[in-house]
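Novice: Can you look at this prediction? I've put the sequence above it.
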Amino acid sequence: MKKITKGRRFRWISGIWTIIREPRRFFSKIVADGNIEEAMMRAFLYGLLGGAIVLGMVMIGGGTMTFQTVFSKLVIIPVLAVALLFVMGGLMMLVSEITGGERDWEIAIKGLASVFFVYPAFLFLNALAWNCWSLSLVSAIIDGYILFLFYNIAVYCMKGRRSYIIAVIAIFALFLITIYATEFRYGWLYLKNHSAALACIA
């Protein structure tokens, strides 16, 4: 993979600010130029940052530091971030097919990779949750923001029909509401914070 230059790092930071403030302007500029390596590297590095943050919180909290803990946070999580990028890329292509948008895999991957800055932030917020109520609140906010980003990518990056995309997002939202309203929420929350989720079962 190509070396990440200083200028490119600043472009990443500037891109995050633009996504937060003006998602339409940011996603409308994404094009296919054959450089998918940067998108993969972006997902990996954000995953590494997220893993490092969680590892640091484990150390601060007095948790036991083992090789397995370090390996899972600094190797497994970044690799999973890249895997998640491609899984979500497939989902985005499916949504684009349904909504009449772009059928370009590279554009889908780039659009999704650009929002992976939320990955370490969400890992951090989930790790901060201390009980069932706080974890449920943080999880719901995170899921809602992910749907918001997904909508913007589908509309402005993949150029899908807005009305169709709203319908798809509504289906996803209904699915999440069903999870939170049933006992399936325990498994969903457990994936995000084991210890806090146990308080939901107790």
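Specialist: Yep, that arrived.
Novice: rest of the way, CA atoms for contacts and neighbours
Specialist: OK.
Novice: Would you state the helices of this structure in chain order?
Specialist: Using DSSP state H, the helices found in the chain span residues 6-21, 23-28, 37-60, 67-71, 77-99, 105-113, 118-128, 132-152, 162-181, 184-190, 194-201.
Novice: Redo these as a markdown table? Include mean pLDDT.
Specialist: Output for the helices of the chain, formatted as a markdown table (pLDDT from 0 to 100):
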| stretch | mean pLDDT |
| --- | --- |
| helix 6-21 | 70 |
| helix 23-28 | 89 |
| helix 37-60 | 87 |
| helix 67-71 | 85 |
| helix 77-99 | 91 |
| helix 105-113 | 92 |
| helix 118-128 | 80 |
| helix 132-152 | 89 |
| helix 162-181 | 94 |
| helix 184-190 | 84 |
| helix 194-201 | 70 |
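Novice: what's the most buried one of these?
Specialist: Per residue and on average, the most neighbours among those fall to helix 105-113, with a mean of 24 (mean count of other C-alpha atoms under 10 Å).
Novice: which helices and strands does it pack with?
Specialist: Packing partners of helix 105-113 (3 or more C-alpha pairs under 8 Å, 6 or more residues apart in numbering; DSSP states H and E): helix 37-60, helix 77-99.
Novice: what's the last one in contact with?
Specialist: Spelled out, it's helix 77-99. 40, 43-48, 50-51, 102-105, 108-109, 112-113, 154, 158, 160-162, 164-165, 168 (C-alpha atoms under 8 Å, 6 or more residues apart in numbering).
Novice: gap between residue 66 and residue 55?
Specialist: 11 Å (C-alpha to C-alpha, to the nearest Å).
Novice: no, scratch that, I was asking about residue 73
Specialist: Distance from residue 73 to residue 55, counting by C-alpha to C-alpha: 6 Å.
Novice: before we move on, what about residue 67?
Specialist: 12 Å.
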